[in-house]
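# With the input below, show me the fold.
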Amino acid sequence: MPETHDTVHAARIAEELGIPERAVHRTLQLLDEGCTIPFIARYRKELTGSLDEVALERIRDGIEEARALDKRREAVLKSIEEQGKLTPELTARIAGARTVAALEDIYLPYRPKRRTRATVARERGLEPLAQTLLAQGEGDPAVAAAVYINPGKGVPTADDALAGARDIIAEMVAEDARARERIRALFLAKGVFRTAVIPGRETDGAKFKDYFDWREPVATAPSHRVLAMRRGEREKVLTLRVEAPEEEALRILEELFVTGTTAASLQVRQAVADGYRRLLAPSMETETRLETRKRADDEAIRVFRENLRQILMAPPLGGKQVLAIDPGYRTGCKIVVLDRHGSLLHHDVVHLVGEASARQAAETLCALVCRFSVEVIAVGNGTAGRETEQFVRGLPLDPPVPVVMVNESGASVYSASEVARREFPDHDVTVRGAVSIGRRLQDPLAELVKIDPKSIGVGQYQHDVDQTKLRTSLDDVVVSCVNQVGVDVNTASEQLLTYVSGLGPQLAHAIVAYRTVHGGFTDRRELLKVPRLKAKAFEQAAGFLRIIGGANPLDGSAVHPERYPVVEAMARDLGCSVADLLRDAGMRARIRLERYVTDTVGEPTLRDILQELAKPGRDPRRRFEVFSFAREVMSIDDVQPGMRLPGIVTNITAFGAFVDIGVHQDGLVHISQLSDRYVRDAAEVVKLHQQVMVTVLEVDRARKRIALSMKSVPDSRRPAVPEATAVRRPARLVPEGSMAGALRDVLRHMKR
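Take a look at the predicted model:
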């Protein structure tokens with residue numbers, strides 16, 4: 001696009017976002033130069049005024065939309081010009097269109113279209129009659145129409161001529177830019193969604209029961225209900241319509257087109273009504289459905305983005321020896337032992353069903369913990385997860401080893417992927433799945449980047465939204481998280497390196513291949529020896545790649561190599577080494593940042609450097625905390641209204657948060673139950689993986705639904721029940737040979 005176009009766009013984006021126009025211009029320049037958003041946000045603060053990644057993404061998206069509109073504008077101008085209908089006035093209107101909808105409204109009368117009733121009427125020579133009617137003079141329309149009677153052209157009577165003229169007027173009304181703008185606004189402001197069940201689908205479409213006879217204003221319908229209605233329609237369970245108040249719509253149109261009270265005005269009024277019902281209303285219904293879908297998509301993607309960010313930034317256990325268990329009834333529990341770097345040391349299978357098998361499993365697990373100096377045991381939260389957790393907690397380990405339940409959503413996707421096959425070509429999917437569970441505990445970010453974010457299980461209608469927009473948005477989140485944490489270039493997987501600023505799949509593969517041959521990197525500058533990794537890629541990536549224990553201590557920090565001279569100057573001025581600056585807080589306190597400000601290095605960058613010197617390569621993620629479910633609550637049958645239970649937030653939606661209380665069925669804390677105060681957005685109150693205490697409100701075992709509350713005072717209508725850990729219920733009869741029965745017997749024997 002010409003520079004002048006981008007100048008106009010920059011001014012508008014700056015106004016919309018409320019940020020300086022100069023910052024937008026510089027951001028656009030950096031983006032056009034191939035700089036990534038993480039790089040700009042971290043290392044070009046002086047140019048952008050310290051804009052964060054969210055603002056930078058909005059600038060990027062804004063300019064992409066503006067340039068796409070410019071491209072469409074050029075196509076429209078070319079099309080109308082080829083028709084010989086382009087005038088200076090029309091050119092000015094097209095140039096002034098600020099949205100795609102406005103541009104398409106202007107173009108609609110000139111858009112090539114299939115034959116319509118109005119087209120046929122024009123072919124029959126009735127357009128002059130339509131113009132006469134629109135003038136709404138005092139004459140008799142029937143007399144004026146008689147002139148156009150022509151049986152040979154399909155106009156045998158005056159009434160037929162008038163009908164054809166009304167068809168032309170109806171189309172003119174439906175294509176008028178002013179009319180479309182006002183009716184569009186009416187549909188969005190006062191339109192109503194109406195859904196109804198398709199006869200015969202009441203039973204197999206029961207999950208959409210709430211929408212079998214539903215009416216909701218377009219303006220206030222939340223995203224999750226819009227997406228639910230659309231899914232019901234797509235699955236042919238529901239009919240979905242968008243309707244606006246017809247009387248008000250006709251009044252708006254008549255104000256535009258009916259200018260008198262003559263007989264001709266009555267003809268125009270009749271044409272207006274036909275144009276609205278037959279042409280304009282269906283068109284606006286389609287547009288409204290598209291607009292509300294876009295809004296719903298944007299909201300669902302926003303929720304998914306925030307959830308994904310939280311799960312990727314979940315606290316890592318860190319470099320510890322882990323024994324990971326993928327629970328199973330029929331095929332047994334798959335066990336792997338991982339070293340502190342996530343490498344597979346051992347794998348096995350144990351069976352917990354039957355007393356003899358469970359006793360052997362206990363012996364095997366205890367031996368592995370001792371043999372490999374296991375520091376933590378990870379148990380997947382799938383089928384039999386709680387029973388397996390209870391069994392492991394009962395092992396006679398001295399000293400005790402922490403047991404952690406790990407969300408295994410998507411582990412099966414990874415285990416069957418090409419990535420997993422390349423990593424473990426000699427092991428089957430069961431071993432790979434257990435490895436993924438263990439690694440998720442060690443470093444969730446490093447492991448979860450290997451699978452499609454949609455498989456992680458934290459979205460809301462993720463398969464219903466615009467998949468291209470979703471993919472782009474989620475990629476932005478993954479890139480942001482990876483670069484915010486930083487990557488050890490000598491240990492990171494190819495998948496993790498792919499998301500580093502400036503790299504991508506090919507360069508990530510080249511880096512792994514280089515370190516395999518040369519035994520790793522000892523200096524950041526050595527990255528320039530990697531085939532096809534040029535200066536621009538190095539500039540974008542170097543600050544996010546860590547070399548731990550390298551020759552230059554700054555290589556293990558987020559200080560960019562282009563700023564090493566600044567740190568070296570600081571050390572020189574203090575008469576010490578760079579290593580001394582990293583070790584000695586007293587030395588760092590003597591640094592006067594204003595001495596190092598230049599045209600290219602300002603105080604924001606210098607403050608970042610000082611923070612890095614204090615904590616080189618610091619991990620922004622929270623500290624890991626071990627969590628335990630209530631031991632007495634193993635299944636939904638154990639859950640009773642009034643219980644107070646510990647739980648983990650597993651998903652956040654527009655209508656509330658789902659909490660895992662350890663019974664294989666997450667409970668829902670409706671947004672109205674999240675806090676004693678009013679909550680507009682669930683994300684204001686809870687975060688993914690947050691440990692919470694909840695009160696059970698209702699248990700619907702037939703539908704497997706659990707209603708929970710996080711309010712400080714439980715619902716007074718519910719019976720008062722003590723904390724779950726204090727609940728003592730009568731022992732349930734356990735079928736002989738069942739897993740739970742075997743575990744109970746073995747644990748009792750082990751405790752004796």
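# From residue 72, how far off is residue 86?
As for residue 86, its distance to residue 72 is 16 Å (criterion: C-beta to C-beta, to the nearest Å). Every C-beta, even on glycine, is put in place using the N, C-alpha and C of the backbone.
# which stretches of the stretch 51-200 of the chain form helices?
53-82, 88-96, 100-107, 117-123, 127-135, 141-146, 158-175, 177-190 (DSSP state H, counting those that start in this stretch).
# for those, which one sits closest to residue 609?
helix 53-82 (19.7 Å; C-beta to C-beta).
# May I see the buried residues of that closest one?
53, 55-60, 62-63, 66, 69-70, 73, 76-77, 80 (16 or more other C-beta atoms under 10 Å).
# Then stretch 379-392?
379-382, 384-392.
# Return the closest of those with respect to residue 189.
Using C-beta to C-beta, those come closest to residue 189 at residue 381, 45.8 Å.
# The closest residue to the closest one other than its chain neighbours and residue 307: what is the separation?
Nearest residue to residue 381, sequence neighbours excluded (C-beta to C-beta, 6 or more residues apart in numbering): residue 405, at 5.0 Å. As judged by C-beta to C-beta, residue 405 and residue 307 stand 19 Å apart.
# what does residue 280 give?
Taking C-beta to C-beta as the measure, residue 280 falls 40 Å from residue 307.
# Mark out where each domain of this structure begins and ends.
Listed domain ranges for the chain are 3-110, 117-305, 322-458, 636-726 (source: automatic domain parsing).
# Nearest to residue 516 among those domains would be which one?
Short answer: domain 322-458, nearest of these by C-beta to C-beta, at 13.2 Å.
# for the record, mean pLDDT for the closest one?
Regarding domain 322-458, the rounded mean pLDDT is 89.
# Could you do stretch 567-577 as well?
For stretch 567-577, mean pLDDT rounds to 93.
# go on, stretch 544-552?
91.
# before we move on, what about stretch 480-492?
pLDDT averaged over stretch 480-492 gives 93.
# same check, this time on stretch 161-177
Here the average pLDDT along stretch 161-177 is 95.
# buried set for it?
161-177.
# Likewise for stretch 417-437?
417, 419-420, 423-424, 427, 429-437.
# Kindly report the same for stretch 678-696.
In stretch 678-696, counting by 16+ other C-beta under 10 Å, buried: 679, 682-683, 685-690, 692, 694-696.
# can you tell me which two in those are farthest apart?
Checking these with C-beta to C-beta, the most distant pair is 683 and 696, at 23.3 Å.
# quick revisit: between the buried residues of stretch 417-437, which is closest to residue 371?
Nearest to residue 371 out of the buried residues of stretch 417-437 is residue 434 (C-beta to C-beta; 17.2 Å).
# To which secondary structure element is that closest one assigned?
Using DSSP states H and E, residue 434 maps to helix 429-442.
# chain center to that helix: distance?
In terms of C-alpha atoms, centre = their mean, to the nearest Å, the centre of helix 429-442 is found 25 Å from the chain centre.
# show me where pLDDT drops low in the chain?
1-4, 457-460, 713-752 (pLDDT under 70).
# now the residue of it most remote from its centre: how far from residue 382?
Distance to the chain centre peaks in the chain at residue 143, reaching 64.0 Å (criterion: C-alpha atoms, centre = their mean). According to C-beta to C-beta, residue 143 stands 82 Å off from residue 382.
# likewise residue 620?
30 Å.
# now do residue 132
76 Å.
# Over to residue 700?
22 Å.
# for residue 174, same thing?
From residue 174 to residue 382 the distance is 56 Å (C-beta to C-beta).
# ok, now residue 145?
Residue 145 is 76 Å from residue 382, by C-beta to C-beta.
# same question, residue 518
41 Å.
# for the helix holding residue 434, packing partners?
Using 3 or more C-beta pairs under 8 Å, 6 or more residues apart in numbering; DSSP states H and E, the elements in contact with helix 429-442 are strand 322-326, strand 333-338, strand 344-350, strand 376-380, strand 403-406, helix 411-415, helix 418-423, helix 444-448.
# Skipping adjacent residues, who's closest to residue 166 in space?
Counting by C-beta to C-beta, 6+ apart, the residue nearest residue 166 is residue 271, at 3.9 Å.
# so who does that neighbour touch?
Shown in contact with residue 271 (C-beta atoms under 8 Å, 6 or more residues apart in numbering): 133, 165, 166, 167, 169, 170, 173.
# Next up, identify which helix or strand it is on.
Using DSSP H and E, residue 271 falls in helix 263-274.
# which residues of the stretch 401-550 of the chain fall in strands?
Assigned by DSSP state E, counting those that start in this stretch, the stretch 401-550 of the chain shows strands spanning 403-406, 487-488, 545-546.
# Alright, that wraps it up for me.
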